[in-house]
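Engineer: build me a model from this:
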Amino acid sequence: MNPLLDFSGLPRFTEITPQQVTPAVDDLLRENRSLISQLLTDSAPATWDHFVKPLEDANERLSRAWGQVTHLNAVMNCPELRESYNANLPKITQFHSELAQNQGLFEKFKARKAGSGFAHLSRAQQKIVENELRDFRLGGAELPADKKARFVQIQEELSRLYARFEENLLDATNDFALYINNRDELAGLPEDVLQVAQEAAAKDDRPGWKLTLHAPSWMPAMQYAVNRSLRETLYRAYVTRASEFGKPEWDNSPLIPQILKLRQEKAGLLGFRSYAEVSLTRKMVKSPREVLDFLAELGAKAKPHAERDYHELKEFAHNELKIDNLQAWDIAFVSEKLRTQRYAFSDQEVKQFFPESQVLQGMFKLVEALYGISITPEQAPLWHPDVRFFDIRDLGGNLIGQFYADLYARPSKRGGAWMDEAIARRSKESGIQNPVAYLNCNFSSPVGGKPALFTHDEVITLFHEFGHGLHH
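Structural biologist: Numbers count the residues shown, from 1 in each chain. Prediction:
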C-alpha cells in the first residue's frame with residue numbers, strides 16, 4: 001500500500017518516496033471529486049452526518065497526505081522530491097479552487113446554516129460551517145463565471161511563484177561556500193564553530209574551514225569574527241541571496257512584483273481594496289489601518305531607544321575597536337564586544353548553560369507544571385536520524401498529543417523555524433483524533449560527541465515554536 005494513503009496512524013516517513021506522490025495525489029483527488037459528485041446529486045437535506053462530515057473527512061485525508069509531501073519538501077529537499085512536488089502542486093491548487101467555487105456545495109452549506117438544525121449543532125460544528133461559508137466567499141464562489149476562471153488562474157500562478165521563491169532561496173543559500181585555509185583569518189570564532197567548519201570542509205575534500213550562509217555558520221561569524229573583511233563578504237552574500245546580484249536562474253527580484261500584482265488583482269476580484277484586507281479576514285485584527293496604527297505607535301516608542309543604542313554602539317566602535325564607519329556587518333560584532341566588556345555577558349559563555357538536553361528537559365518541565373501533562377520520548381518512523389518524537393499525556397496517562405522535533409540545520413532544509421501540523425485534532429466515531437505537530441528549527445548540531453549548545457536567542461526561538469505546537 002502507498003504509505004501516503006495510510007491514515008491509520010503516524011506518517012510512514014521511512015517508506016515514502018518521490019515516485020509515490022503522484023499516484024497518491026491522483027487517487028485522493030479522484031476519490032474527493034467522486035464524493036463531491038455524490039453529495040451534489042443527493043437531494044436530501046445537508047445534514048452534518050451526511051454532508052458536512054464526509055466532506056471534512058475527505059479533505060482531511062488529502063490534507064494529511066499532501067502535508068507529508070510539503071513537509072518533506074521543506075526539510076529533506078532533493079531534486080526528485082522537488083520535481084514530484086512541483087508536478088502535483090498545480091493539481092492540488094486547482095482542486096482547492098474548484099472546491100471553493102463549487103456553487104452546489106456553497107448552496108448546501110448556506111442551507112445548513114439557515115436550517116433549523118443549525119442551532120442544535122455544537123459550537124465547534126457551527127464554527128466549521130461558518131468558516132466553510134467564509135472560505136467559499138474568499139475562494140471566489142460568488143464571482144461570475146469569467147471572473148471565477150481568472151481567479152483560479154491567479155491561485156495557480158501564485159502557488160507556483162511561492163514555491164519557486166522558496167526554491168531559489170534554498171538553492172542560493174546552499175550554493176555559497178567560503179573556504180578559508182589560514183586560521184588567522186578566522187580569529188575570534190568559537191572553537192565549536194571552527195570544528196564544524198573544519199568538518200564541513202573535510203566533507204568536501206577540502207583543507208581548512210568552510211563557512212556557509214546557514215544560520216549555525218553565518219551568525220557566529222557575524223558576531224565573533226575579528227576579520228572585518230570576512231564579515232562584510234558574508235554579510236553581502238547573505239543579504240543578496242536569490243537576488244539580481246547572483247545567478248539569474250535564482251533571482252527572486254522579478255517574482256516579487258508578479259506576486260504583489262496578482263495578490264492585488266485577487267483582492268480586487270473579491271471586492272477588497274488590498275490583499276492586506278483579504279489576509280485579515282481570518283485574523284483577529286479588523287483592518288489594515290489598525291495594524292499600521294499599532295506599528296506606528298510601536299515605532300514611535302521604540303525609535304528613541306534604538307537611536308540611543310546605535311549612538312552607544314558607534315561610540316564604542318570608535319573608541320574601543322577603532323571602527324570609525326560603523327556598517328551593517330559590524331553591528332553584531334560590536335554589540336557582542338560591548339556586551340562582554342560592559343556587562344561581562346557573552347552569548348558564547350551563556351551557551352555553556354544551555355546544552356540541548358537541559359533546554360528540552362527544562363522546557364518540558366515548565367509546561368508539565370503549567371498544564372498538568374507529561375512529555376516522554378517515543379519511537380516513530382522519522383525522515384532523518386537527528387529527528388526525535390515525543391508523546392504528550394495527561395495526568396491520567398492518556399495520550400493527548402504527539403510531536404516531532406527536528407532542531408538542526410542541514411542543506412536540504414529551508415531556513416528559519418516553524419511549527420506545522422502533521423495530524424489535526426478531530427472528534428471521530430472512535431473518539432478524539434490526537435493532534436501531531438512538527439517542530440522545526442535550524443540550530444547547530446552536536447560537535448565532537450558533545451551535546452548541542454544553544455544561544456539564548458535559540459532558546460527563545462525553541463520556546464516560541466513549542467508554544468505554537470502546544471496551541472495545535
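Engineer: let me see the ranges of the helices in the stretch 101-250 of the chain.
Structural biologist: Remark: helices assigned in the stretch 101-250 of the chain by DSSP state H, counting those that start in this stretch are 103-114, 123-138, 145-175, 191-203, 215-224, 228-239.
Engineer: and among these, the most buried is which?
Structural biologist: Comparing the helices of the stretch 101-250 of the chain by mean neighbour count (mean count of other CB atoms under 10 Å), helix 215-224 ranks first with a mean of 22. For glycine as for every other residue, the C-beta is placed from the backbone atoms N, C-alpha and C.
Engineer: average pLDDT for it, rounded please.
Structural biologist: Helix 215-224 shows a mean pLDDT of 96 in the predicted model.
Engineer: and the angle for it with helix 191-203?
Structural biologist: 130 degrees (axes from the mean of the first three to the mean of the last three CA atoms, to 10 degrees).
Engineer: what distance do you get for the residue nearest to Thr240 when sequence neighbours are not counted to Ile36?
Structural biologist: Nearest non-adjacent residue to Thr240, counting by CB to CB, 6 or more residues apart in numbering: Gly246, 6.3 Å away. Using CB to CB, to the nearest Å, Gly246 is found at 45 Å from Ile36.
Engineer: give me the buried positions along stretch 254-266.
Structural biologist: By neighbour count on 16 or more other CB atoms under 10 Å, the buried set for stretch 254-266 is 255, 259, 262-263, 266.
Engineer: how far does that stretch sit from its chain's centre?
Structural biologist: Chain-centre distance of stretch 254-266: 21 Å, with CA atoms, centre = their mean, to the nearest Å.
Engineer: quick one: contacts of it?
Structural biologist: For stretch 254-266, contacts defined as CB atoms under 8 Å, 6 or more residues apart in numbering pick out 150-151, 154-155, 157-158, 161-162, 164-165, 168, 274-275, 278.
Engineer: could you do stretch 57-69 as well?
Structural biologist: When contacts are defined by CB under 8 Å, 6+ apart, stretch 57-69 is touched by residues 4-5, 7, 11, 13, 16, 21, 24-25, 28-29, 31-32, 35, 81, 84-85, 88, 92, 95, 99, 420-424, 426.
Engineer: in that stretch, which residues are buried?
Structural biologist: Going by neighbour count (16+ other CB under 10 Å), the buried part of stretch 57-69 is 58-69.
Engineer: in helices, which of those appear?
Structural biologist: Secondary structure assignment (DSSP state H) places 58-69 from those within helices.
Engineer: which of those residues sits closest to Thr47?
Structural biologist: Ala58 (16.3 Å; CB to CB).
Engineer: next one, pLDDT for that closest one please.
Structural biologist: According to the prediction, Ala58 has pLDDT 96.
Engineer: neighbours around the nearest residue to Glu167 once chain neighbours are set aside, how many?
Structural biologist: Nearest residue to Glu167, sequence neighbours excluded (CB to CB, 6+ apart): Arg82, at 6.6 Å. Around Arg82 there are 16 other residues, counting by other CB atoms under 10 Å.
Engineer: quick one: Arg82 and Asn88, what's the gap?
Structural biologist: Arg82 sits 11 Å away from Asn88, going by CB to CB.
Engineer: how close does the closest residue to Phe354 other than its chain neighbours sit to Lys351?
Structural biologist: Distances taken as CB to CB, 6+ apart place Phe454 nearest to Phe354, at 4.4 Å, with adjacent residues excluded. Look at Phe454 and Lys351: by CB to CB, they are 7 Å apart.
Engineer: who has more neighbours, these two?
Structural biologist: Higher neighbour count among Phe454 and Lys351: Phe454, with 24 against 20, using other CB under 10 Å.
Engineer: quick one: closest of the helices of the stretch 101-250 of the chain to Ala300.
Structural biologist: Across the helices of the stretch 101-250 of the chain, closest to Ala300 is helix 228-239 (CB to CB), at 26.9 Å.
Engineer: helix or strand next in line after that closest one, which one?
Structural biologist: On the C-terminal side of helix 228-239, the closest following helix or strand by DSSP states H and E is helix 255-269.
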